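Novice: below: sequence and its predicted model.
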Amino acid sequence: MVQSAISLASTSSSLPKSPNHPLLPIKDPQTLAAVKAQVDNLPFSAGGLAVLLLIFDYETSQGICSNVGCNLAGLLAHMQPENEGAVAFAKQHLLTKEENDTTCWYLFTGCFAKSEHEGVRAATVVALRELAEKLKTQSALARCEHLLAILTQEGASASRGSHEYVKTVFDDLAPVFESRLVDTLGYRVPWILHELVLEHFKVNDLMLMPEYVNKTMSILDLGCGTGLVGKCFSDFVREKSTERSILEADYKETKTQITKLQSSIAEMNNVDPDLLDSDFNDARKENLIVIEKCEEYVSVIERKMKAKEGMGSGGIYGPIKGRMLGCDISPKMCTEADKTQAYSSKVSEEDCDNFLQRQPENSFHLVVSADTYIYLGDLSANFEAARRALVVGGVLAFSIEVIEDNLEPKGFRLLDSGRYGQSSKYIKTLAGISGFQIITEQDIAIRKEQAVDIQGKAYVLVKK
Ligand SMILES: C[S@@+](CC[C@H](N)C(=O)[O-])C[C@H]1O[C@@H](n2cnc3c(N)ncnc32)[C@H](O)[C@@H]1O
């Protein structure tokens with residue numbers, strides 16, 4: 001494969017030849033890291049293509065899942081806008097190498113998502129239909145069907161991600177989910193929802209509610225993933241340890257000090273420079289130094305809080321007093337969530353609608369769904385089941401990836417990204433039908449994708 005890439009690269013006469021690129025197969029992670037570090041700086045060129053193909057070849061041989069397939073498709077689409085080569089390459093690779101090669105499935109997605117040419121979508125549909133005839137495993141077929149649904153907007157997957165598809169994607173992602181999403185792509189949804197729910201509690205005097213005071217609330221986490229929501233919302237179901245309380249107080253105090261110093265510097269900046277004497281300047285410099293120290297201290301506290309995020313004895317929270325239940329369709333995500341010990345029992349490997357439907361009526365104070373509705377599409381059954389499971393006044397907190405109100409008459413759509421977007425109008429209508437009042441609707445950046453924020457909305461709804 002690498003050989004053919006190099007010959008494709010060198011036949012393109014308008015592109016510069018780069019004799020210095022390492023054209024040998026990559027054999028170890030260090031070389032991979034060094035080569036990857038160069039890719040971002042490469043222009044769209046034959047050399048860039050050769051390097052990306054080397055990384056692709058290495059990663060697929062090692063079963064590594066990354067977005068190099070998408071980058072490769074982008075580059076191929078740039079070099080050959082009608083993109084037939086990329087589609088054929090992806091199909092051939094899946095058939096002849098490994099049909100569950102995640103990177104290659106990303107390459108397939110990239111083939112049409114990155115091309116402006118209408119013909120590419122039709123050609124991809126033909127290629128996927130041919131592939132579907134030949135694939136042998138359920139997981140590869142599920143990926144194939146999902147991609148076909150994106151392109152045709154037909155079939156069950158146009159309304160909801162099939163269980164097999166979601167399992168396949170998230171079982172692959174589970175080991176790297178947090179490092180990739182939180183550390184690299186700035187995913188913050190669980191923290192944002194926690195803040196919004198807390199705000200609702202504060203504004204409505206719900207902090208005095210006996211269940212909140214005694215930490216005996218009942219919470220459901222739909223699509224719990226690796227357990228980030230369970231950890232974020234643990235202050236609703238557990239007492240903080242003294243250590244946690246001290247760290248938090250320190251954090252708050254230092255942040256306040258930073259804000260004060262910053263506003264005093266801002267005031268100093270407004271003073272006429274002719275009136276500044278040396279004492280004034282010294283004070284300004286000193287403030288800047290203190291701010292720097294405070295910021296360092298804040299990051300130390302943050303690191304400490306993260307390092308000691310553990311639950312139960314030895315962590316910074318006491319044992320669980322309320323109920324924190326979780327479910328997820330991906331077995332490997334469930335295993336990660338269980339490791340956090342944030343949940344009161346083993347998380348359920350189950351579809352979130354089924355899970356909600358078998359809970360007793362009026363039994364939960366809070367249902368959270370962080371970045372899960374992007375795999376559900378049609379939310380009507382979910383809202384109905386959530387309303388049933390919640391007590392009156394109970395909260396449904398969730399995020400969506402937002403689409404324009406007029407983009408899709410049914411209110412949700414399977415997007416080129418393979419995720420579902422919902423419109424604000426759809427959520428309003430569904431909330432009304434299902435007996436919820438919308439308390440908060442806030443624009444948020446869900447995370448980054450190729451350095452651009454994915455726009456979403458966070459909601460807090462209350463059962464009427
Ligand atoms: C983007 S992750 C978010 C995980 C977690 N809520 C968080 O904020 O870190 C989406 C999760 O939803 C799960 N999921 C998707 N569809 C589901 C369904 N129908 N039922 C249960 N879980 C589902 C996936 O397996 C995945 O773990």
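Specialist: Cool, got the structure.
Novice: count the neighbours of residue 428 for me.
Specialist: Look at residue 428: counted by other CB atoms under 10 Å, it has 15 neighbours. To be clear about C-beta, it is placed using only N, CA and C from the backbone, and glycine gets the same treatment.
Novice: separation between it and the ligand?
Specialist: For residue 428, the distance to the ligand equals 23 Å [CB to the nearest ligand atom, to the nearest Å].
Novice: wait, is that residue part of a strand?
Specialist: No: Residue 428: not assigned to a strand; according to DSSP: H, G, I helix; E, B strand; the rest coil it is helix.
Novice: can you pull out the strands in this protein?
Specialist: Assigned strands in the chain, in chain order: 218-222, 238-240, 317-320, 323-328, 348-349, 364-369, 390-403, 412-414, 420-423, 436-449, 452-463 (criterion: DSSP state E).
Novice: residue 162: which of these is closest?
Specialist: Closest to residue 162 of the strands of the chain is strand 412-414 (CB to CB; 11.5 Å).
Novice: what number of residues lie near residue 245?
Specialist: 12.
Novice: any idea how far it lies from the ligand?
Specialist: 26 Å.
Novice: same question, residue 368
Specialist: Residue 368 is 8 Å from the ligand, by CB to the nearest ligand atom.
Novice: need the contact list for that residue.
Specialist: 190, 193, 197, 219-222, 229, 233, 397-398 (CB atoms under 8 Å, 6 or more residues apart in numbering).
Novice: ok, back up a step: so which of the strands of the chain gets nearest residue 89?
Specialist: The nearest among these, by CB to CB, is strand 436-449 at 22.9 Å.
Novice: partner strands of that closest one, parallel or antiparallel?
Specialist: Sheet pairing for strand 436-449, assigned by DSSP bridges, gives strand 452-463 (antiparallel).
Novice: the partner strand close to the ligand?
Specialist: No: against the ligand, strand 452-463 shows no contacts by CB under 6 Å from any ligand atom, the least distance being 11.1 Å.
Novice: point me to the residue of the stretch 51-200 of the chain nearest the ligand.
Specialist: In the stretch 51-200 of the chain, the residue that lies nearest the ligand is residue 170 (3.7 Å; CB to the nearest ligand atom).
Novice: what's the neighbour count on that residue?
Specialist: Using other CB under 10 Å: residue 170 sits among 22 other residues.
Novice: same question, residue 33
Specialist: 10.
Novice: what of residue 193?
Specialist: Applying other CB under 10 Å, I find that residue 193 has 28 neighbouring residues.
Novice: got the contact list for it?
Specialist: Residue 193 neighbours (CB under 8 Å, 6+ apart): 229, 232, 368, 370, 397-399, 458, 460.
Novice: just those: which has the poorest pLDDT?
Specialist: Lowest pLDDT of the contacts of residue 193: residue 232, 91.
Novice: thought that residue was touching residue 191?
Specialist: Yes: judged on CB atoms under 8 Å, residue 232 makes contact with residue 191 at a distance of 5.8 Å.
Novice: about what we covered before: what does the pLDDT read for the residue of the stretch 51-200 of the chain closest to the ligand?
Specialist: 96.
Novice: look up how far residue 139 lies from it.
Specialist: In this view, residue 170 and residue 139 are 12 Å apart by CB to CB, to the nearest Å.
Novice: same deal with residue 258?
Specialist: With distances taken as CB to CB, residue 258 is found 49 Å from residue 139.
Novice: residue 109 now?
Specialist: Taken as CB to CB, the span from residue 109 to residue 139 is 16 Å.
Novice: OK, contacts around the nearest residue to residue 398 once chain neighbours are set aside?
Specialist: Counting by CB to CB, 6 or more residues apart in numbering, residue 398 lies nearest to residue 369, which is 3.9 Å off, once chain neighbours are set aside. Residue 369 makes contact with 221-223, 352, 382, 396-399 under the criterion CB under 8 Å, 6+ apart.
Novice: so can I have a markdown table of the residues you listed showing neighbour count?
Specialist: Listed next are the contacts of residue 369 as a markdown table, based on neighbours: other CB atoms under 10 Å:
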| residue | neighbour count |
| --- | --- |
| 221 | 29 |
| 222 | 26 |
| 223 | 26 |
| 352 | 27 |
| 382 | 25 |
| 396 | 27 |
| 397 | 27 |
| 398 | 26 |
| 399 | 25 |
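Novice: nearest to residue 183 among those residues?
Specialist: Of the contacts of residue 369, the one sitting nearest to residue 183 (CB to CB) turns out to be residue 399, at 19.2 Å.
Novice: so that closest one touches residue 421, yeah?
Specialist: No: applying CB under 8 Å, one finds residue 399 not in contact with residue 421, separated by 11.6 Å.
Novice: what about the closest residue to residue 207 other than its chain neighbours, distance to the ligand?
Specialist: Spatial nearest neighbour of residue 207, chain neighbours left out: residue 201 (5.4 Å); criterion: CB to CB, 6+ apart. According to CB to the nearest ligand atom, residue 201 stands 20 Å off from the ligand.
Novice: can you pull the contacts of residue 201?
Specialist: Applying CB under 8 Å, 6+ apart, the residues near residue 201 are 207, 209, 212.
Novice: tell me the confidence at it?
Specialist: pLDDT, residue 201: 96.
Novice: mind listing what the residue nearest to residue 130 when sequence neighbours are not counted touches?
Specialist: Sequence neighbours aside, residue 91 is the residue nearest to residue 130 in space, at 7.2 Å (criterion: CB to CB, 6+ apart). For residue 91, the contact set (CB under 8 Å, 6+ apart) comprises 108, 127, 130-131.
Novice: now the two most distant members of these.
Specialist: Checking the contacts of residue 91 with CB to CB, the most distant pair is 108 and 130, at 12.5 Å.
Novice: more neighbours: which of the two?
Specialist: Comparing residue 108 with residue 130 by other CB under 10 Å, the one with more neighbours is residue 108, at 26 against 12.
Novice: got the domain ranges for the chain?
Specialist: Structural domains annotated on the chain: 2-152, 178-237+321-463, 242-307, as defined by automatic domain parsing.
Novice: so which of those domains is the most surrounded?
Specialist: domain 178-237+321-463 (a mean of 19; mean count of other CB atoms under 10 Å).
Novice: gap between the two ends of that domain?
Specialist: One end of domain 178-237+321-463 to the other measures 32 Å (CA to CA, to the nearest Å).
Novice: what do you get for stretch 145-158?
Specialist: End to end - CA to CA - stretch 145-158 spans 10 Å.
Novice: that one close to the ligand?
Specialist: No: applying CB under 6 Å from any ligand atom, one finds stretch 145-158 separated from the ligand by no less than 12.2 Å.
Novice: from the middle of its chain, how far away would that stretch be?
Specialist: Centroid separation for stretch 145-158 versus its chain: 22 Å, with CA atoms, centre = their mean, to the nearest Å.
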